[in-house]
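*Asks:* please find the sequence and the predicted model below.
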Amino acid sequence: MGVPLLDLRAQHASIRDEVVAAMMQVVDCQAFILGSPVELLEAGIAGLSNTRFAIGCANGTDALLLSLRALDVGHGDEVVTTPFTFFATAGAIHNVGARPVFADIDPDNFNLSPQAAAAAVTPGTKAIIPVDLFGQLAPVDAIAAAVPGIPVVEDAAQSIGATREIAGRKVRAGEAATIGTFSFFPSKNLGGYGDGGMIVTGTEELATRLRRLRVHGGMKTYYHEEVGYNSRLDALQAAVLLAKLPHLEKWSAARRSNAAYYDAAFADLADVRTPSIDAANVSIYNQYTLRVARRDELAGHLKSTGIGHSVYYPLPLHLQPCFAYLGYAEGAFPESERAAREVLSLPVYPELGTQQLDQVIQSVRQFYGR
Ligand SMILES: Cc1ncc(COP(=O)(O)O)c(C=O)c1O
């Protein structure tokens, strides 16, 4: 028996009764769009991220799109972000009509480098989007300090519940930025049974605008102050997520414990670099990502021994064909390009047993002849 990269059925089996009961309540009410489960989830996520306002929306991509619109980012504007992220981060910038401007990552934690971000700022920069990659918070505080006066949208799609100590206080994912965005894609630590997203902010005017933008730009039915989107969170998804929310901390702790187990098991392998988590950070390990020598060969070996794995992400965004118009050449962001050649993510989901972890470890060690 192999080990999958992720086993959603194992998690569902452990909470099936709670989730199905919550879903059936919505079904019996026949109220499917927004409504009380969404409001309760919004309150829960505002609490979890220690922010005043939370606004549910259709997915994490829309959460970014709506956030940029709420900040009046549009045609002719520039938005600085990392090229080493999931496509949606830069796709949202393009789709509001703005220009993605990339800046390289810090090789230790894969997150946007504050110095590189500051160097990429021009008079046209309207916002900056750091991404909390793989579950570790980006240094949003340092980035905000390096680019004073520019709003920061924290793409926290992979980091719900993670913390970072800033000035002696544990700050939550989404809290330190002007706006924070979450995804409830099923593979996230808090995943729905379909798509879903959430936006958090401490600014009331932004929250009001975001609520309007998600319902076609008008709060009064059939009257529209601006052109918005249909980007509402389903009541069914909210009900599922509300049922899962009380388990989140325990699940993320189990991921951390699995990560620590791997860290110890790989410590003597010179060709394997385990994730480095900044001393100030508590990661939620949405992914456990190694940097390794002979990455593609190792991937082939894992596959042949039935071990699930994935490369997040094989081609940095500045080299994607759709962004050729931005004019970046290979070599423009060496750390992102090197990361794309070296990274490999292993199974780290909370339901993994010791036997499965050992199977993964054995396969990796076997490849390096140890
Ligand atoms: C970093 C990042 N940003 C944005 C998204 C987009 O989220 P969604 O798939 O919910 O649209 C994701 C998730 O897939 C992500 O990992």
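*Replies:* Cool, got the structure.

*Asks:* from here on, just use CA atoms for contacts and neighbour counts.
*Replies:* Noted.

*Asks:* where does the residue in the stretch 151-300 of the chain that the ligand sits nearest to land on pLDDT?
*Replies:* Here the stretch 151-300 of the chain gets closest to the ligand at one residue, residue 183, 4.1 Å apart by Cα to the nearest ligand atom. At residue 183, the model reports a pLDDT of 98.

*Asks:* can you pull up the bridge partners for it?
*Replies:* Beta bridges link residue 183 to residue 197, judged by DSSP bridges.

*Asks:* check contacts around it.
*Replies:* 59, 60, 61, 63, 156, 157, 158, 191, 195, 196, 197, 198 (Cα atoms under 8 Å, 6 or more residues apart in numbering).

*Asks:* can you lay out those as TSV showing distance to the ligand and secondary structure?
*Replies:* Converted to TSV, these look like this (distance: Cα to the nearest ligand atom, whole Å; DSSP: H, G, I helix; E, B strand; the rest coil):
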residue	distance to the ligand	secondary structure
59	4	coil
60	3	helix
61	4	helix
63	8	helix
156	7	coil
157	5	coil
158	5	coil
191	9	coil
195	6	coil
196	6	coil
197	6	strand
198	9	strand
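
*Asks:* which one of the residues you listed sits closest to residue 309?
*Replies:* When the contacts of residue 183 are ranked by distance to residue 309 (Cα to Cα), residue 158 comes first, at 17.2 Å.

*Asks:* might you list the low-confidence residue ranges for the stretch 251-370 of the chain?
*Replies:* Applying pLDDT under 70 to the stretch 251-370 of the chain picks out no residues at all.

*Asks:* after the top helix by length along the chain comes which helix or strand?
*Replies:* Longest helix of the chain, by residue count under DSSP state H: helix 8-29. Helices and strands here follow DSSP states H and E; after helix 8-29, the next one along the chain is helix 36-48.

*Asks:* which residues are in contact with that following helix?
*Replies:* Against helix 36-48 from outside (Cα under 8 Å, 6+ apart): 52-56, 161, 172, 198, 200, 233-236, 238-239, 241-242.

*Asks:* among those, which are in helices?
*Replies:* Reading helices off the contacts of helix 36-48 with DSSP H, I get 235, 236, 238, 239, 241, 242.

*Asks:* mind listing what the first one touches?
*Replies:* In this case it means residue 235. 26, 31, 32, 33, 34, 35, 36, 37, 38.

*Asks:* rerun that using 10 Å as the cut-off
*Replies:* Residue 235 makes contacts with 23, 26-27, 30-39, 41, 241, as judged by Cα atoms under 10 Å, 6 or more residues apart in numbering.

*Asks:* so what's it closest to, chain neighbours aside?
*Replies:* Take residue 235 and drop its neighbours on the chain: the residue closest to it by Cα to Cα, 6 or more residues apart in numbering is residue 32, 4.9 Å away.

*Asks:* and the one you found, how many neighbours?
*Replies:* Neighbour count of residue 32, defined by other Cα atoms under 10 Å: 17.

*Asks:* next up, the contacts around it.
*Replies:* Residue 32 neighbours (Cα under 10 Å, 6+ apart): 26, 38, 233, 234, 235, 236, 237, 238.

*Asks:* which of these has the most neighbours?
*Replies:* Neighbour max across those (other Cα under 10 Å) = residue 238, 31 neighbours.

*Asks:* give me the pLDDT value at that one.
*Replies:* 98.

*Asks:* out of the contacts of residue 235, who's nearest the ligand?
*Replies:* Nearest to the ligand among these, with distances taken as Cα to the nearest ligand atom, is residue 241, at 13.5 Å.

*Asks:* surely residue 99 and residue 122 touch.
*Replies:* No. Residue 99 is not in contact with residue 122 according to Cα atoms under 10 Å; the separation is 12.0 Å.

*Asks:* overlap in contacts of these two?
*Replies:* When contacts are counted by Cα under 10 Å, 6+ apart, residue 99 and residue 122 are jointly contacted by 78, 79, 80.

*Asks:* adding secondary structure and pLDDT, write these out as CSV.
*Replies:* CSV is the format used below for the shared contacts of residue 99 and residue 122 (DSSP: H, G, I helix; E, B strand; the rest coil; pLDDT from 0 to 100):
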residue, secondary structure, pLDDT
78, strand, 98
79, strand, 98
80, strand, 98
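
*Asks:* roughly how far does residue 51 sit from the ligand?
*Replies:* 20 Å (Cα to the nearest ligand atom, to the nearest Å).

*Asks:* contact partners for the spatially closest residue to that residue that is not a sequence neighbour?
*Replies:* Once flanking residues are discounted, residue 51 sits nearest to residue 202: 5.4 Å by Cα to Cα, 6+ apart. Listed by Cα under 10 Å, 6+ apart, the contact set of residue 202 reads 46, 50-54, 174-180.
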